[in-house]
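A.B. asks: no sequence for this one, just the structure:
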């Protein structure tokens, strides 16, 4: 799956958290983190870096791309998750 194309395909869903039918948490950022962890289970901190008004997730994007579904990306966009193609990372604005 091409993450840049898939995230762009769901731009109209960005920050539309109320559209998620059964969110894993009532807070969009925590919901996103729980979703990402369920897709690519890891250990340690999920937030790997922060710069200005963005924080980045410690996720292997190749493994993530193999496992994630279109519906999951749509819901991650609804939570506010962004794919930063220039640094090949998932993150969120604060």
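C.D. replies: Good, I have the coordinates. Predicted model only: the values in this text are computed from it and were never measured.
A.B. asks: So which bits of the lengthiest helix in the chain are buried?
C.D. replies: Across the chain, the helix with the greatest residue count (assigned by DSSP state H) is helix 28-39. Under the neighbour-count criterion of 16 or more other CB atoms under 10 Å, helix 28-39 has 28, 31, 32, 33, 34, 35, 36, 39 buried. For glycine as for every other residue, the C-beta is placed from the backbone atoms N, C-alpha and C.
A.B. asks: Please enumerate the helices of the protein.
C.D. replies: For the chain, applying DSSP H gives helices covering 3-9, 28-39, 61-67, 70-79.
A.B. asks: Kindly state which of those helices is positioned closest to residue 16.
C.D. replies: helix 70-79 (4.8 Å; CB to CB).
A.B. asks: got the phi/psi numbers for residue 22?
C.D. replies: Listed backbone geometry of residue 22 is phi -130, psi 80, with angles given as degrees, to the nearest 10.
A.B. asks: nearest to residue 8, of the buried residues of helix 28-39?
C.D. replies: residue 32 (17.7 Å).
A.B. asks: Let me see the contact set for that closest one.
C.D. replies: Residues near residue 32 by CB atoms under 8 Å, 6 or more residues apart in numbering: 76, 79, 80, 81, 92.
A.B. asks: ok, now which residue in this structure is the farthest from the centroid?
C.D. replies: In the chain, the residue that sits farthest from the middle, by CA atoms, centre = their mean, is residue 52; the gap is 18.4 Å.
A.B. asks: Distance of that one relative to residue 33?
C.D. replies: According to CB to CB, to the nearest Å, residue 52 stands 20 Å off from residue 33.
A.B. asks: All good on my end, thank you.
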